[in-house]
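Visitor: build the 3D model from these lines:
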Amino acid sequence: MIQLLQSRSICALCAFLWLGLCLLCGPAGIRAQTKDKWQRVYTGEDSVIEINVSSLRFEADHILRVQFRTILSKPETITGNPGAKYKSRLETIDFKLNERRYRPVEITLLDPNGKQLQSYTLTSEDWRVLKNGGVTERMLGAALGLPPFGSWKVETYRYAEGNSREVKPARELEKLIGTRVHLYPARAEVGTALCNSFSLQNRQYTKDELFQTFGIQLNSIGVNADSVETINVTCDGGGWQPPRSLLIKVDEDEMLMLWQGVFLALKRDRG
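Guide: Numbering: from 1, shown residues only. As a prediction, the model looks like this:
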């Protein structure tokens with residue numbers, strides 16, 4: 001898999017944040033924090049369910065945390081408080097990607113005007129099994145249709161100024177252009193390199209930590225900040241050497257992936 005970089009010559013002409021800062025491929029800069037964006041998941045007789053596409057967050061132990069919103073056709077009374085009625089419900093759900101299980105972790109009830117009526121955190125460690133064909137399975141399916149999951153194609157590669165013995169020669173890097181990259185809950189593929197079990201985890205690095213771990217200088221990739229949010233990739237099942245990588249979301253259809261000493265610029269392959 002990806003090579004841990006110990007020098008300053010790593011790629012990037014981009015500034016970044018997934019679930020916050022975003023990288024710009026091209027002239028460096030930082031976009032504003034991503035706002036909530038809702039996408040329809042399910043339509044029923046009495047309600048609709050939407051996913052907050054900007055809420056995806058990867059935790060340790062193969063956990064994907066996502067927020068959903070259920071909008072009722074008619075307001076309902078809150079149990080124990082007959083004078084209050086809620087019209088929508090926000091739910092944060094953890095999905096155990098390697099076991100097909102889930103658990104609700106937070107619920108917020110809102111009135112017809114969007115005002116918060118009640119909010120509580122669920123502390124149970126009990127995981128529920130996903131029911132085949134059920135609504136919750138459909139909710140997970142919607143989350144797995146969002147970046148970084150899916151099929152991608154390498155459009156080009158980028159690296160910082162300077163030379164590094166750890167980076168492949170340009171002629172070898174050119175061969176990576178056109179390579180297919182597939183990221184699924186249970187496995188990941190970069191061309192013919194297969195990882196049978198991999199995990200994702202959001203991680204915020206200070207500029208010093210990022211340089212010590214990957215050799216990346218934030219200012220060299222156009223990020224004028226003291227810290228940055230990233231997505232670490234670890235190949236748990238072998239097949240990639242070294243087994244660690246880094247993912248950076250550019251926008252809905254573009255992403256950067258650290259690979260063999262450079263950043264691969266990936267384009268979403270919707271075909």
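Visitor: would you put the C-alpha positions of the helix or strand residue 199 falls within in PDB?
Guide: Assigned by DSSP states H and E, residue 199 belongs to strand 198-206. Extracted in PDB, the C-alpha atoms of strand 198-206 (Å, rounded to 0.1, in the frame of the first residue of the first chain):
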ATOM      1  CA  PHE A 198      -9.200  -2.400   5.900                       C
ATOM      2  CA  SER A 199     -10.300   0.200   8.300                       C
ATOM      3  CA  LEU A 200     -10.900   4.000   8.100                       C
ATOM      4  CA  GLN A 201     -10.600   6.500  10.900                       C
ATOM      5  CA  ASN A 202     -11.000  10.300  11.000                       C
ATOM      6  CA  ARG A 203      -7.900  11.900  12.600                       C
ATOM      7  CA  GLN A 204      -6.900  15.400  13.300                       C
ATOM      8  CA  TYR A 205      -3.200  16.200  13.000                       C
ATOM      9  CA  THR A 206      -1.300  19.200  14.200                       C
END
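Visitor: so which bits of it are buried?
Guide: For strand 198-206, a neighbour-count test (16 or more other C-beta atoms under 10 Å) marks 198-202, 205 as buried. C-beta coordinates here come from the backbone N, C-alpha and C atoms, glycine included.
Visitor: and for stretch 43-52?
Guide: Buried residues in stretch 43-52, defined by neighbour count with 16+ other C-beta under 10 Å: 47, 49-52.
Visitor: pLDDT weak spots in this structure?
Guide: Per-residue confidence for the chain (pLDDT under 70) gives these ranges: 1-35, 160-169, 219-223, 271.
Visitor: could you break it into its assigned domains?
Guide: 38-143, 150-268 (automatic domain parsing).
Visitor: of those, flag the one that's most buried.
Guide: domain 150-268 (a mean of 18; mean count of other C-beta atoms under 10 Å).
Visitor: chain center to that one: distance?
Guide: Distance, stretch centre to chain centre, for domain 150-268: 13 Å (C-alpha atoms, centre = their mean, to the nearest Å).
Visitor: so how far does that domain reach from one end to the other?
Guide: Terminal residues of domain 150-268 lie 8 Å apart, using C-alpha to C-alpha, to the nearest Å.
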